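**Student:** 3D, please:
(2 chains)
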2 protein chains.
Amino acid sequence: MPDTDHTISYEDSKLYEFTPDLEPAITVESGDSLTVETADSLEGAIQDDSDVLEAVPEEVNAATGPIAVDGATPGDVLRVEIEEIRIAEDAGRVVTIDGFGLLDGHDNVESPRSKMTPVDDGTLAFADLEVPLAPVIGTIGVATAEDGYSTLVPHDHGGNLDTTDVTAGNAVYFPVFQEGAMLAMGDCKAAMADGEMCGTGSEIATEINVTLEVVSDPATSLERPLIETSDAWKPLASAETLEAACELVNQDAIALLAAEHDFDDTEAYMFSSLVGGLEISQVVDPLVTVRNAIPKAYLSSPF
Amino acid sequence: MPDTDHTISYEDSKLYEFTPDLEPAITVESGDSLTVETADSLEGAIQDDSDVLEAVPEEVNAATGPIAVDGATPGDVLRVEIEEIRIAEDAGRVVTIDGFGLLDGHDNVESPRSKMTPVDDGTLAFADLEVPLAPVIGTIGVATAEDGYSTLVPHDHGGNLDTTDVTAGNAVYFPVFQEGAMLAMGDCKAAMADGEMCGTGSEIATEINVTLEVVSDPATSLERPLIETSDAWKPLASAETLEAACELVNQDAIALLAAEHDFDDTEAYMFSSLVGGLEISQVVDPLVTVRNAIPKAYLSSPF
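**Tutor:** The predicted model follows:
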């Protein structure tokens, strides 16, 4: 029995689009913990190397939720502390799909192709290689401000961020755009490289333990997700190009540094060019995602 | 007195363009160690916050060299082991310059602006913040195959790579395009963020200890630079866009993984999507630079 206040399962409630008007599957209090059960991003379609996907499914990255948090109000921030991501099946799968992936269309790489990655005793197997499990939540987000975004797309509400730092031990902060925030998550990977180059990690079903907290009247208003790791704060941004995402996330970092140190924006920009720096989350989704690491030595909690 | 076999100083020999037909300032044997003295990238033009640069100088990033390595022949690989980078002046400088930098042209950041960053006892000071010294060689490369590239530009010969991993304890491998290889380096920073967003790190003069080794008839032929850190191999690529650089460096990683594990390219591509991953070197030079980290657990020396 999970030692959390609530459990929400993929079978009972899932979504494929983050919109402004989501209806809650469950309502919890700020401070509550939950066990969130998630399917693999392809919902079991690939169980063998011979199962392949001719195209990206219309519905993909099912996100378990939405979870309403009582009292979360537009302008607030939702803190999602990720305590544990447990692997819930005996194999993940890596796939290539036509029209998807960094090297899609290059002569030397083939799509569609699938490869099962069996999981055992803390590692996954890829051919005869063993890779330590390093589970990541690929898709996590809240109800949007205005437009709707499919769970294949990352944007200011989160969504398909495919970011290795969205992992156990870290916290992710989201802007609250709608009453209750309406959190949902899924699309986990047993392991994933920064970039997610072939278009997937090792896609796998999981059980996630999270604790949710509403930050009311935050000292810093968020426009986009922000990650807290053990040693850094990392604004995240998604855009059409890596260059555009880098600009957004650097502007976010500058705003945080300027507020903390009473720098003007140019000083903060100069300082951002000395410590931490830009990191690639993923280069394969309809919008790409980048983060800007600011070491905690230079930034306290912005909230 | 430096405990290396040779010393080469910036005053005696420097270059501003990597070309195919460089004449050696010094010739050394494979296995020799050198002390390389470098100027700051702006060659002393900024000594005070009130000194500013209206434009990127026509000659910038002076690279001390060229150093010929006896016996280095086109098709070989030159291994540059970086043993130590000593700071050689009492302050670095961070600058913004009109027309340069990730946020150039954005209303909230000002150019030109300069800020001195005094160095003392293992740290640099930025306003009242202390940043641990983490010296980086910004520009390092060899004679080119065909075209000439100014020391502001990174390309397959190296050049202005502005990569934090080009630091003490790591080794950088270059393709040898011309007899003697003709190594040169400069443009060091006392510290730099991944991305080098404002266009510079803390630009500073240094003394570098390196040991050079020619890898004759390498098992892997290099097209571009490759970095060896304590725990990873990292192909580097520079291109017009981050996306294009990501494609190049992922192809390089795939080739290395395929050769090591007898994978076909698609399997190697899938595996590259599970471990290590894409990293941003710099987003500000005329070509941008990316690397793809492959943990040593999955790749032995390609040479």
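**Student:** can you tell me the closest non-neighbouring residue to residue A:254?
**Tutor:** residue A:268 (4.2 Å; C-beta to C-beta, 6 or more residues apart in numbering or on different chains). To be clear about C-beta, it is placed using only N, CA and C from the backbone, and glycine gets the same treatment.
**Student:** let me see the mean pLDDT of the host helix or strand of that neighbour.
**Tutor:** Secondary structure assigned from DSSP states H and E places residue A:268 in helix A:265-272. Helix A:265-272 shows an average pLDDT of 98 in the prediction.
**Student:** what about it, distance to the chain center?
**Tutor:** Averaging C-alpha positions (C-alpha atoms, centre = their mean, to the nearest Å) puts helix A:265-272 28 Å from its chain's average.
**Student:** for it, packing partners?
**Tutor:** helix A:242-261, strand B:91-96, strand B:113-120 (3 or more C-beta pairs under 8 Å, 6 or more residues apart in numbering or on different chains; DSSP states H and E).
**Student:** relative to residue A:130, which of the ones you listed is closest?
**Tutor:** Closest of the helices and strands packed on helix A:265-272 to residue A:130 is helix A:242-261, at 31.4 Å (criterion: C-beta to C-beta).
**Student:** so for the closest one, what gets flagged as buried?
**Tutor:** A:242-243, A:245-258, A:260-261 (16 or more other C-beta atoms under 10 Å in any protein chain shown).
**Student:** just stretch A:53-73 next, same as before
**Tutor:** Per 16+ other C-beta under 10 Å, stretch A:53-73 contains these buried residues: A:53, A:56, A:60-69, A:72.
**Student:** where does chain A dip in pLDDT?
**Tutor:** Within chain A, the stretches with pLDDT under 70 are A:1-2.
**Student:** CA atoms only: put the helix holding residue A:268 into PDB for me.
**Tutor:** Extracted C-alpha coordinates of helix A:265-272, given in PDB (Å, rounded to 0.1, in the frame of the first residue of the first chain):
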ATOM      1  CA  ASP A 265      19.700  43.400 -16.200                       C
ATOM      2  CA  THR A 266      23.000  43.900 -17.900                       C
ATOM      3  CA  GLU A 267      25.000  43.000 -14.800                       C
ATOM      4  CA  ALA A 268      22.800  40.000 -14.300                       C
ATOM      5  CA  TYR A 269      23.300  39.000 -18.000                       C
ATOM      6  CA  MET A 270      27.100  39.300 -17.500                       C
ATOM      7  CA  PHE A 271      27.000  37.200 -14.300                       C
ATOM      8  CA  SER A 272      24.800  34.600 -16.100                       C
END
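**Student:** residue contacts, the closest residue in space to residue A:229 that isn't next to it in sequence?
**Tutor:** The spatially closest residue to residue A:229, leaving aside those adjacent along the chain, is residue A:170, at 5.0 Å (C-beta to C-beta, 6+ apart). Applying C-beta atoms under 8 Å, 6 or more residues apart in numbering or on different chains to residue A:170 gives the contacts A:82, A:227, A:228, A:229, A:230.
**Student:** which PyMOL command selects the buried ones in these?
**Tutor:** Buried residues among those (16+ other C-beta under 10 Å), as a PyMOL selection:
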select buried, chain A and resi 82+227+228
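**Student:** could I get the contacts of residue A:170 as JSON lines with secondary structure?
**Tutor:** What follows is the contacts of residue A:170, written out as JSON lines (DSSP: H, G, I helix; E, B strand; the rest coil):
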{"residue": "A:82", "secondary structure": "strand"}
{"residue": "A:227", "secondary structure": "strand"}
{"residue": "A:228", "secondary structure": "strand"}
{"residue": "A:229", "secondary structure": "coil"}
{"residue": "A:230", "secondary structure": "coil"}
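**Student:** ok so residue A:174 is a strand residue?
**Tutor:** Yes - secondary structure of residue A:174 (three-state DSSP): part of a strand.
**Student:** that one - how many residues pack around it?
**Tutor:** 24 (other C-beta atoms under 10 Å in any protein chain shown).
**Student:** shouldn't it be in contact with residue A:182?
**Tutor:** No - counting by C-beta atoms under 8 Å, residue A:174 does not reach residue A:182; the two are 10.0 Å apart.
**Student:** got any residues that touch both of the two?
**Tutor:** Counting by C-beta under 8 Å, 6+ apart, the contacts common to residue A:174 and residue A:182 are residue A:142.
**Student:** show me which residues of the stretch 101-250 of chain A sit near chain B.
**Tutor:** Within reach of chain B by C-beta under 8 Å from any C-beta of the partner chain, the stretch 101-250 of chain A has these residues: A:101-103, A:106, A:108-111, A:113, A:115, A:117, A:124, A:126-129, A:131, A:164, A:191-202, A:241-243, A:246-247, A:250.
**Student:** could you rerun that using 7 Å?
**Tutor:** A:102-103, A:108-110, A:113, A:115, A:126-127, A:129, A:131, A:191-198, A:200-202, A:241-243, A:246-247, A:250 (C-beta under 7 Å from any C-beta of the partner chain).
**Student:** now the helices and strands packed on helix A:265-272 as CSV including distance to residue B:38?
**Tutor:** Compiled in CSV, those are given as follows (distance: least, C-beta to C-beta, whole Å):
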stretch, distance to residue B:38
helix A:242-261, 28
strand B:91-96, 12
strand B:113-120, 15
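**Student:** for the ones you listed, which one sits closest to residue B:153?
**Tutor:** That would be, of the helices and strands packed on helix A:265-272 and by C-beta to C-beta, helix A:242-261, which comes in at 17.5 Å.
**Student:** mind giving me the packing neighbours of that closest one?
**Tutor:** Judged by 3 or more C-beta pairs under 7 Å, 6 or more residues apart in numbering or on different chains; DSSP states H and E, the packing partners of helix A:242-261 are strand A:232-239, helix A:265-272, strand A:288-295, helix B:242-261.
**Student:** with distance to residue B:13 as extra columns, can I get the ones you listed in JSON lines?
**Tutor:** Formatted as JSON lines, the helices and strands packed on helix A:242-261 follow (distance: least, C-beta to C-beta, whole Å):
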{"stretch": "strand A:232-239", "distance to residue B:13": "41"}
{"stretch": "helix A:265-272", "distance to residue B:13": "32"}
{"stretch": "strand A:288-295", "distance to residue B:13": "38"}
{"stretch": "helix B:242-261", "distance to residue B:13": "31"}
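**Student:** so which of these is nearest residue B:16?
**Tutor:** Nearest of these to residue B:16, taken as C-beta to C-beta: helix B:242-261 at 23.6 Å.
**Student:** quick one, that closest one and strand A:288-295 angle?
**Tutor:** Helix B:242-261 runs at 90 degrees relative to strand A:288-295, counting by axes from the mean of the first three to the mean of the last three C-alpha atoms, to 10 degrees.
**Student:** still on that earlier bit, closest one of the buried residues of stretch A:53-73 to chain B?
**Tutor:** residue A:53 (13.6 Å; C-beta to the nearest C-beta).
**Student:** my guess is that closest one contacts residue A:96. True?
**Tutor:** No - using C-beta atoms under 7 Å, residue A:53 is not in contact with residue A:96, being 8.8 Å away.
**Student:** anything in contact with each of the two?
**Tutor:** Common neighbours of residue A:53 and residue A:96 are listed as residue A:112 (criterion: C-beta atoms under 7 Å, 6 or more residues apart in numbering or on different chains).
**Student:** if anything else comes up later, I'll come back, but that's it for now.
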